[in-house]
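> the following block contains a protein sequence and its predicted model.
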Amino acid sequence: MEELSRKAARPLIRHIETLNLLLDSTIEGIVVFDENRKAIRVNKVFATFFGYGEEEILGMDAFDFVAPESHDLVRRKMRIDDQEPYEALMRRKNGEKFWAILRGRNITLDGKPVRISTVFDITSIKEKEKKILYLANHDYLTGTYNRRFFQEVLAQRIEMLRRENHYGALLFIDLDDFKEINDTLGHDAGDAVLVEITRRIRQSTRKSDIVARIGGDEFVVLLNLETARISEAGIKAEMTAEKILANVRYPIPFEEREIRINASVGIAIVDRESTASDLMKFADIAMYQAKRSGKNRIAFFDETLQKSLVEKIDTIAALRLAIREREFELLFQKQMAVDDEGVRTVGVEALVRWNRGGRSVSPGHFIPVAEESGLIVPIGNYVLKEAGEILKKWRNDPDKRELRLSVNISPRQFEEESFVERIEEVVRFYGIDPGKLRLEITENLLMHNIEEGLAKITELKELGVSLSIDDFGTGFSSMMYLKRLPVDELKIDRSFVDDVDSNESDRIIVETIASLGRRFGLEVIAEGVETESQLALLRKLGIRYIQGYLFGRPVRLEEL
């Protein structure tokens, strides 16, 4: 930035220090505009960002640097003198547009009103975000949606069909005897078949239909049938399924041979009552019915096959009894710091388990049901109470008083109006150090009501509680959310860790999350680490904190 007189520089620097904006910054572009929005001072970084010479910028209007799409936003921020950082679309000299984080403040310099603004080019970060989101939401082999993202899209599409008063159909497609191809011809042949089958399914459906690969040889297709008559919906769905089966049957060329394969298709009609979870189960049940009937067939979901729904009702009733009878217990898994100084325990995660009549029930079986039914709230409250008691005991234990205790917080639990008060009550009642209590929340938890969620998180942070974003990379992470979230930790979902040492997509995601963590000064922990090979690569990618079977399975408190 060109030289300011000492008289002018002193008051300006005071303002810059207040805003944490340094004139000699090497990463932020800095510009000063007069009261007419004309540039009067600029640093080299700003000029470089926009492709101008420093002298060339002097006298230019502030909006010469802003893309038209962001004019209204920037004008509003300047008018109300909003000092909070925000994202805006900028424009370089050559017309190229790029995303940047802007901050600004109106001050007085030499007795005259000016506005000092900073610009930070986040083009590379935005590209990484797009890559993370794409890799997290799409199948790496076929480019279709993956299971996780398809379920979110399915829920949205169901709502759309309801508003339009139309029926849809969910097709669950499973390739018959696909394992034999991998076993006899190798995985290259298997991959070639999956790619070709994906192309044929898309060829058999319309562009408005959604195709996803949700498992090794499992696909789903969501059809918008554009009809309000259920009989017509059934006919259209069956016609599409028949077309898919016919296209799948054609031989698939591979090297010097032809591969033949068939498929079984289950169909569930998307009505006005079923949830996304229900429809996935219905279509899955129907597909297995097609398999049992001889494969290479189509089957509609039959009400008599609703065994899974009956089991859900039974599970809800059993959960209510389990809460009354206190059939839950906590197991604990260590969280380790692995660095040049060695390996040491820095915390533990509390994991709730259900002991039903002497038999342990898988969390994957009862947690989704508890979440859906709302019973997760009393279960979560039990975990918080136990966590408070444990941290209170650890205060006088020289081996454990420095450990943090991580507790998973469910979306339903977080949405409770009294959630923050409940956490405050636990801290106060047990007299614990709030920083030792780490609450793990998921990214998607914020998507329902971002502002309310951020407000709660801010309150928790003011209380002194430690916060972690669980399953990071699987939702809709954003630079601006990370900038606004006062969290301490990013927790990489185990789905990216499982194949991190063999899958390039997973490695890129983990490496990018590690980079984001460093940029924002956050701890990054990888869960589900089971092998030395995974650990070695994670360490190479800059991951310091580790959790997984490699360092121990979940154990009871007395076994820690």
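Yep, that arrived. Computed from a prediction, not measured in an experiment: that's the story for all the values here.

> what's in contact with stretch 94-107?
Here stretch 94-107 makes contact (C-beta atoms under 8 Å, 6 or more residues apart in numbering) with 11-12, 15, 19, 21, 49, 51, 67, 74, 77-78, 81, 83-92, 113-123, 126, 479, 483. No exception for glycine: its C-beta is placed from N, CA and C like everyone else's.

> now list the buried members of the residues you listed.
12, 15, 21, 49, 67, 74, 77-78, 85-91, 114-122, 126, 479 (16 or more other C-beta atoms under 10 Å).

> for the stretch 301-450 of the chain, which spans come out with low pLDDT?
Applying pLDDT under 70 to the stretch 301-450 of the chain flags residues 303-310, 313, 446-449.

> so which residues of it form helices?
With DSSP state H, counting those that start in this stretch, the ranges of helices along the stretch 301-450 of the chain come out as 307-325, 363-373, 376-394, 411-415, 419-430, 450-463.

> run the chain-centre distance for stretch 443-456.
13 Å (C-alpha atoms, centre = their mean, to the nearest Å).

> which intervals of the protein have sub-threshold pLDDT?
In the chain, residues with pLDDT under 70: 1-26, 303-310, 313, 446-449, 473-482.

> what helices and strands are in contact with the helix or strand where residue 510 lies?
Using DSSP states H and E, residue 510 maps to helix 504-519. Contacts defined by 3 or more C-beta pairs under 8 Å, 6 or more residues apart in numbering; DSSP states H and E place helix 504-519 against helix 123-137, strand 489-492, helix 494-497, strand 523-526.

> ok but residue 299 is inside a strand, no?
Yes. Under DSSP: H, G, I helix; E, B strand; the rest coil, residue 299 sits within a strand.

> quick one: contacts for it?
Contacts of residue 299 (C-beta under 8 Å, 6+ apart): 264, 265, 266, 267, 286, 287, 289, 290, 293.

> can you spell out which helices and strands pack onto the lengthiest strand in the chain?
Counting residues, the longest strand found in the chain (DSSP state E) is strand 342-356. Packing partners of strand 342-356 (3+ C-beta pairs under 8 Å, 6+ apart): helix 307-325, strand 328-339, strand 359-361, helix 363-373, helix 376-394, strand 404-408.

> report the angle between the first one and strand 342-356.
Taking axes from the mean of the first three to the mean of the last three C-alpha atoms, to 10 degrees, one finds helix 307-325 and strand 342-356 inclined to each other by 100 degrees.

> tally of neighbours for residue 553?
Counted with other C-beta atoms under 10 Å, residues neighbouring residue 553 total 9.

> tell me which of the buried ones among the contacts of stretch 94-107 fall in strands.
Going by DSSP E, the strands hold 86-91, 114-121 from the buried ones among the contacts of stretch 94-107.

> which of the helices and strands packed on helix 504-519 sits most buried?
Mean neighbour count (mean count of other C-beta atoms under 10 Å) peaks for strand 489-492 among the helices and strands packed on helix 504-519, with a mean of 26.

> name the helices or strands packed onto that one?
With contacts taken as 3+ C-beta pairs under 8 Å, 6+ apart, strand 489-492 sits against strand 466-472, helix 504-519, strand 523-526.

> what are the pairing partners of the first one, and which direction each?
Strand 466-472 has the following sheet partners, assigned by DSSP bridges: strand 437-442 (parallel), strand 489-492 (parallel).

> how many neighbouring residues does the closest residue to residue 331 other than its chain neighbours have?
Residue nearest to residue 331 in three dimensions, not counting chain neighbours: residue 554, with 3.7 Å by C-beta to C-beta, 6 or more residues apart in numbering. Residue 554 has 16 neighbours, counted by other C-beta under 10 Å.

> how about the contacts made by residue 554?
So residue 554 contacts 331, 332, 333, 351 (C-beta under 8 Å, 6+ apart).

> let me know whether the third one touches residue 347 as I believe.
It stands for residue 333. No. Counting by C-beta atoms under 8 Å, residue 333 does not reach residue 347; the two are 9.8 Å apart.

> quick one: which of these two has more around it?
residue 347 (23 against 20).

> can you tell me how far that one is from residue 399?
Distance of residue 347 to residue 399, computed by C-beta to C-beta, to the nearest Å: 13 Å.

> the closest residue to residue 380 other than its chain neighbours: neighbour count?
Among residues not flanking residue 380 along the chain, residue 413 sits closest, at 4.1 Å (C-beta to C-beta, 6+ apart). Here the number of neighbours of residue 413 (other C-beta under 10 Å) works out to 23.
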